[in-house]
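> requesting a structural model of the entry that follows:
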Amino acid sequence: MTVSRSSGAICLLALVLAPWLTTERSRAQTRPGPYAVTDLGPVGTVTAHANDINDAGQAVGSFSATGITGPRAFVWQDGRLTVLSNLHSGAAGISPNGRVVGTARIPPSTFFEGVIFENGDVTTLGFQGTAGAAINDHRQVVGTINHSMPFLWDSGVLTELGTFGGPCGSAADINNLGQVVGLACTSTGTELGPSAHAFLWQGGVMTGIEPFPGHVDSGATAINSLGQVAGWSSITDPEIYDVQATSFIYDNGEKRALPIASTEHYAYDINDLGHVVGTMRAGGFFGKFSGYIFKDGVGTNLNTVLLPGSGLHILYANAINNAGEIVGIAYDSRMGTHAVLLTPVAADTPIVNVGNASATEGHTGTSPATVTVSLTQASSQPVSVSFSTANGTASASDYQATSGTVTFNPGETSRTLTVLINGDRAGEANETFSVNLSSATGGATLGDATGAVTIVDDEARVTIGDVTKNEGNTNTTPFAFAVTLSAATDIPVTMNFTTADYQATAADDYIAQTGSLTFKPGETTKTITIAVRGDRKVEFGEMFFVNLSNVSGGFSSDWSGVGLIRNDDK
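Numbers count the residues shown, from 1 in each chain. As a prediction, this is how the structure comes out:
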């Protein structure tokens, strides 16, 4: 079933492609790139997405990081990431003049709604259930309401754009001419659900962009300032869910398939030069997808034209500006998600990178953290780059914030800068801050522009062991929990402890205790002994805890010892 239907679709697409390929091959074809890869996420990022970029090089998206609750919307420009709101939020699009649209959860509501980020403020669209997708210079916003209806918001008025008779739709982009693109469901469909068709909306009129022959669905994802539309057309086999999808450009009523070397590819954005970016199914990585660029009649897997050293795989190319800068989403070798910027550079362009560093905190005074800034190749002229520190889990009391300029003389490829770490006697987890690069000069461009500096706490680490023993039949059995320090210290280390029930209870199974421990200078081991009651009951094994708290002079990440009382009755 799949073979016959897909084969027919491929043959029909070949007819669609043939005349356009002949035209495109007559143009000069140059391999795109190479591209320098910049990771946009701050230090401590757990996951990050980059969704859009304008011609000023302002990239927007969202990230989640250690120490914060929920995602945060951001804008990145020239090495500096700015959090747009401390609300749970995400940025989806940015206009040419720098207005940002997205979603946010505004207390006391527990629901996300469409918002505009501008001048440090967050302005709600005023309609719950909206999700902003794109914004133009006239502050017109498009998106989806209630996950089912495309809308246009203009000066506080929300207009539902409608569908082609079906129950769903979404608006994806708007240009400064007020032209809107997206997809809308039809009144017909397949056993998988209603069919969707791409649309171009202008002045109250919705024009359908139908799928290619042999396909069932289509969607429009972007429109440039000239009115050229990027999108995709697809068919899904209902038996094995195999998808065949083709990217297209729609221009002046003509839809043209892009010759991407894949059976499944989706166009996500188009710039004013007609260059398209998106994602294509390709082998060799998680999800088997890779970002692509279509330029001068040729589709190229972006992972084949990256400068070496990033360690990232470009999964989705989400947006491209007129300078050819691309933003999207990449995976590292552990499947961590990164927001990335791809900058086209000449093959001999020096790339400026900053490395990670660590320094032991110390007990008093300051300790130096040495950070290395490097060029991928020497330059014949001076190269300079600005740097500044930024808090992560470490704050201003932990290190001495600094900023300045690093200059490479001709022929140099490595320089260092120093950040001073403040010593203390507080036991705490290791903390991080970042050194961020910006404003590269001398013909260089930024690569890895964020270096993570780890402050290694050197106070003694406190651990408590677990105990497993038979309960006995009468009297009590001692459960001895060993509490240890990782190293002897020159000051006392104190802590409190208390028992806590789990399956075992103090009323029946053990004698509850609360107390304190003090390690004198030089001592590294102490014992907490808990008396467990013996009995003749036949029962399952039971557990209780000995919990540490209020550690002073050291640090503990292992707060609980587990006592497992084994039943020895039959």
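> mean confidence (pLDDT) on the helix or strand where Ala222 lies, please.
In this structure, Ala222 sits in strand 217-223 according to DSSP states H and E. The pLDDT scores in strand 217-223 average 98.
> and that strand, which strands flank it?
Strand 217-223 sits in its sheet next to strand 229-236 (antiparallel), going by DSSP bridges.
> C-alpha coordinates for the strand holding Ala222, PDB please?
Below are the C-alpha coordinates for strand 217-223, written out as PDB (Å, rounded to 0.1, in the frame of the first residue of the first chain):
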ATOM      1  CA  ASP A 217      -1.800  17.900   3.700                       C
ATOM      2  CA  SER A 218       0.100  21.100   3.300                       C
ATOM      3  CA  GLY A 219       1.200  23.900   5.500                       C
ATOM      4  CA  ALA A 220       2.700  27.400   5.100                       C
ATOM      5  CA  THR A 221       5.300  28.400   7.600                       C
ATOM      6  CA  ALA A 222       6.800  31.700   6.500                       C
ATOM      7  CA  ILE A 223       6.400  34.600   4.200                       C
END
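> that strand: how far from the chain's middle?
In terms of C-alpha atoms, centre = their mean, to the nearest Å, the centre of strand 217-223 is set 24 Å apart from its chain centre.
> Thr110: neighbour count?
8 (other C-beta atoms under 10 Å). Using the backbone N, CA and C atoms, a C-beta is placed for each residue, glycine as well.
> and it, how far is that from Thr124?
15 Å (C-beta to C-beta, to the nearest Å).
> do the same with Arg256
Counting by C-beta to C-beta - Arg256 and Thr124 are separated by 40 Å.
> same question, Gly554
Distance, Gly554 to Thr124, using C-beta to C-beta: 48 Å.
> who has more neighbours out of the two?
Taking neighbours as other C-beta under 10 Å, Gly554 and Thr124 compare with Gly554 leading, 23 against 14.
> pretty sure the more buried one sits against Asp457.
No: with contact defined as C-beta atoms under 8 Å, Gly554 does not reach Asp457; the gap is 9.8 Å.
> overlap of the contact sets of these two?
Listed as contacting both Gly554 and Asp457 by C-beta atoms under 8 Å, 6 or more residues apart in numbering are Gly427.
> just the strands in the stretch 301-450 of the chain please.
Using DSSP state E, counting those that start in this stretch, the strands of the stretch 301-450 of the chain run over 313-320, 326-331, 337-344, 351-354, 357-360, 366-375, 383-391, 403-408, 414-422, 431-438, 445-446, 450-456.
> what about Phe74, which SS state?
Assigned with DSSP: H, G, I helix; E, B strand; the rest coil, Phe74 falls in the strand class.
> contacting residues around it?
Per C-beta under 8 Å, 6+ apart, neighbours of Phe74: 40, 60-63, 81-84, 91.
> whichever of the residues you listed end up buried, select them in PyMOL.
Selecting the buried subset of the contacts of Phe74 in PyMOL, with 16 or more other C-beta atoms under 10 Å as the burial test, is done by:
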select buried, resi 40+60+61+62+63+81+84+91
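> in TSV: the contacts of Phe74, plus secondary structure and distance to Ala504.
What follows is the contacts of Phe74, written out as TSV (DSSP: H, G, I helix; E, B strand; the rest coil; distance: C-beta to C-beta, whole Å):
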residue	secondary structure	distance to Ala504
Leu40	coil	50
Val60	strand	53
Gly61	strand	49
Ser62	strand	45
Phe63	strand	43
Leu81	strand	49
Thr82	strand	52
Val83	strand	46
Leu84	coil	50
Ala91	strand	51
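> please name the bridge partners of Glu118.
Glu118 has these beta-bridge partners by DSSP bridges: Asp121.
> wait, Thr38
Bridge pairing for Thr38 - DSSP bridges - gives Leu341.
> am I right that it is in contact with Thr343?
Yes: applying C-beta under 8 Å, one finds Thr38 in contact with Thr343, separated by 6.7 Å.
> overlap in contacts of these two?
Both Thr38 and Thr343 are contacted by Leu446, under the criterion C-beta under 8 Å, 6+ apart.
> so these two - more neighbours on which side?
Thr38 (27 against 21).
> what confidence value was assigned to the more buried one?
On pLDDT, Thr38 comes in at 92.
> who are the contact partners of it?
340-343, 446-449.
> in this protein, which spans are helices?
2-25 (DSSP state H).
> domain assignment for it?
Residue ranges for the domains of the chain, per automatic domain parsing: 2-347, 352-456, 460-566.
> thinking again about what came up before, ok, of the strands of the stretch 301-450 of the chain, where does mean pLDDT dip lowest?
Among those, strand 445-446 scores lowest, with a mean of 88.
> for it, name the packing helices and strands.
strand 35-39, strand 351-354 (3 or more C-beta pairs under 8 Å, 6 or more residues apart in numbering; DSSP states H and E).
> out of these, nearest to Ile270?
Of all the helices and strands packed on strand 445-446, strand 35-39 sits nearest to Ile270, with 18.2 Å by C-beta to C-beta.
> got the angle for the closest one vs strand 326-331?
60 degrees (axes from the mean of the first three to the mean of the last three C-alpha atoms, to 10 degrees).
> for the chain, list the residue farthest from the centre, please.
Distance from the centre of the chain peaks at Thr474, with 58.1 Å (C-alpha atoms, centre = their mean).
> report the contact partners of the closest residue to it other than its chain neighbours.
Once flanking residues are discounted, Thr474 sits nearest to Gly534: 4.8 Å by C-beta to C-beta, 6 or more residues apart in numbering. For Gly534, the contact set (C-beta under 8 Å, 6+ apart) comprises 471-477.
> can I get these in TSV including distance to Phe117 and pLDDT?
Conversion of the contacts of Gly534 to TSV gives the following (distance: C-beta to C-beta, whole Å; pLDDT from 0 to 100):
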residue	distance to Phe117	pLDDT
Glu471	61	87
Gly472	66	87
Asn473	69	84
Thr474	70	83
Asn475	68	89
Thr476	64	93
Thr477	63	95
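> weed out the non-buried ones from the residues you listed.
Neighbour counting by 16+ other C-beta under 10 Å classes 471, 477 among the contacts of Gly534 as buried.
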